[in-house]
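Visitor: return atomic coordinates for the entry below.
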Amino acid sequence: MDATTVEIRYQRWVQVIQDWSNSGLTKRDYCQQNAIDEKQFYYYQRRIRAIIAGQGERSALPEGSSGL
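Guide: Numbers count the residues shown, from 1 in each chain. Here you go, the predicted structure:
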């Protein structure tokens with residue numbers, strides 16, 4: 001899968017997760033109402049959180065630091 005496809009997929013899931021967050025529904029109810037596989041929802045939520053956490057850690061490191 002090329003980088004553009006991956007980026008588009010993650011952008012879509014960020015939007016889905018934001019929509020869920022604003023909906024006031026439980027994750028299960030949101031997924032059922034929007035025909036989303038609940039396992040996929042949790043998978044992408046974990047992946048996106050990990051990406052965001054990784055970006056935060058990198059930005060907290062001093063410039064030129066390898067983080068090791």
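Visitor: pLDDT weak spots in this structure?
Guide: Residue ranges of the chain with pLDDT under 70: 57-68.
Visitor: grab the most central residue of it for me.
Guide: Relative to the mean C-alpha position of the chain, the nearest C-alpha, by C-alpha atoms, centre = their mean, is the one of Ile48, at 2.5 Å.
Visitor: quick one: buried residues of the helix or strand containing that one?
Guide: Following DSSP states H and E, one finds Ile48 within helix 38-60. The neighbour-count check on helix 38-60 (16 or more other C-beta atoms under 10 Å) flags Phe41, Tyr44, Gln45 as buried. To be clear about C-beta, it is placed using only N, CA and C from the backbone, and glycine gets the same treatment.
Visitor: what is the nearest of these to Ala3?
Guide: Nearest to Ala3 among the buried residues of helix 38-60 is Tyr44, at 16.9 Å by C-beta to C-beta.
Visitor: run a quick neighbour tally on the residue nearest to the closest one when sequence neighbours are not counted.
Guide: Once flanking residues are discounted, Tyr44 sits nearest to Trp13: 4.0 Å by C-beta to C-beta, 6 or more residues apart in numbering. By the criterion of other C-beta atoms under 10 Å, Trp13 has 18 neighbours.
Visitor: quick one: Trp13 from Gln45, how far?
Guide: Distance from Trp13 to Gln45, counting by C-beta to C-beta, to the nearest Å: 8 Å.
Visitor: what do you get for Cys31?
Guide: Taking C-beta to C-beta, one finds Cys31 at 11 Å from Gln45.
Visitor: swap in Ile17?
Guide: 6 Å.
Visitor: try Gln15
Guide: Separation of Gln15 from Gln45 (C-beta to C-beta): 13 Å.
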